[in-house]
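*Asks:* Sequence unavailable; structure follows:
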């Protein structure tokens, strides 16, 4: 068995074990968060978004809904100022500056609780616990046009599954611009190892709490 094959099997086993353990440990969240979302703003409880995965194929990424209903429509159709601010921030915006985020949503995001449903994406094999960001196709197209030097990184980025956490998330999160995020994601894809995955997993809780 080749080193690459051993790594892929080991990584998949790590994904399954870690995601199942986290699902069990956070059982209260799976009960209380949907109830809180429903009481605050009704349905839907979950939010799904198309993202680019392994080999450039798209899949639906799941999250607990942390924004008002039709938030994506509001961003793209009804508020040009908000959309420009979002894109100028490298397709990210602080929760305190985004009027679409609910009061509960700000809390969920501050502890990254809104991303818990992505554990289901990991179990389905669409994502990994550790990997590059799960980018939107439009985001990749516009950002590589804005930062032409990043085009060389895309092939490496989509050569692996996107992850719930990754190298840039534990190195500064939203403060890192796309040009640096893409470089870190591509570097991760070229230099994968189970040891590096484990180190990133151990660094992730601190990175999550640093948002609060």
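*Replies:* Looks like it came in fine. Since this is a predicted model, take the numbers as computed values, not measurements.
*Asks:* lowest confidence element among the helices and strands of this structure?
*Replies:* Using mean pLDDT, DSSP states H and E, the weakest-scoring helix or strand in the chain turns out to be helix 80-88, at a mean of 66.
*Asks:* Give me the buried positions along the helix or strand just after that one.
*Replies:* Next helix or strand after helix 80-88 toward the C-terminus (DSSP states H and E): helix 103-110. Within helix 103-110, the residues scored as buried using 16 or more other Cβ atoms under 10 Å are 104-105, 107-109. In this view, the C-beta of every residue, glycine as well, is placed from N, C-alpha and C.
*Asks:* how about residue 45, what does it touch?
*Replies:* Residues near residue 45 by Cβ atoms under 8 Å, 6 or more residues apart in numbering: 34, 37-38, 64-65.
*Asks:* So how do I select the buried members of these in PyMOL?
*Replies:* This is the PyMOL syntax for the buried subset of those, where burial follows 16+ other Cβ under 10 Å:
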select buried, resi 34+37+64+65
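*Asks:* Just the ones of the contacts of residue 45 in helices?
*Replies:* 34, 37-38 (DSSP state H).
*Asks:* could you dump these to TSV with distance to residue 167?
*Replies:* TSV is the format used below for these (distance: Cβ to Cβ, whole Å):
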residue	distance to residue 167
34	31
37	31
38	36
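*Asks:* Burial check on residue 176, number of neighbours?
*Replies:* Number of residues near residue 176 (other Cβ atoms under 10 Å) recorded here: 18.
*Asks:* Residue 171 and residue 184 touch, don't they?
*Replies:* Yes - between residue 171 and residue 184 there is a contact under Cβ atoms under 8 Å: 6.6 Å.
*Asks:* With neighbour numbers in mind, choose between the two.
*Replies:* More crowded of residue 171 and residue 184, by other Cβ under 10 Å: residue 184, with 22 against 15.
*Asks:* Do a quick rundown of the strands in the chain.
*Replies:* Taking DSSP state E, the strands of the chain run over residues 46-52, 58-64, 128-130, 163-165.
*Asks:* List just the nearest of the ones in helices among the contacts of residue 45 to residue 128.
*Replies:* Among the ones in helices among the contacts of residue 45, residue 34 lies closest to residue 128 (Cβ to Cβ), at 25.0 Å.
*Asks:* Cool, thanks, talk later.
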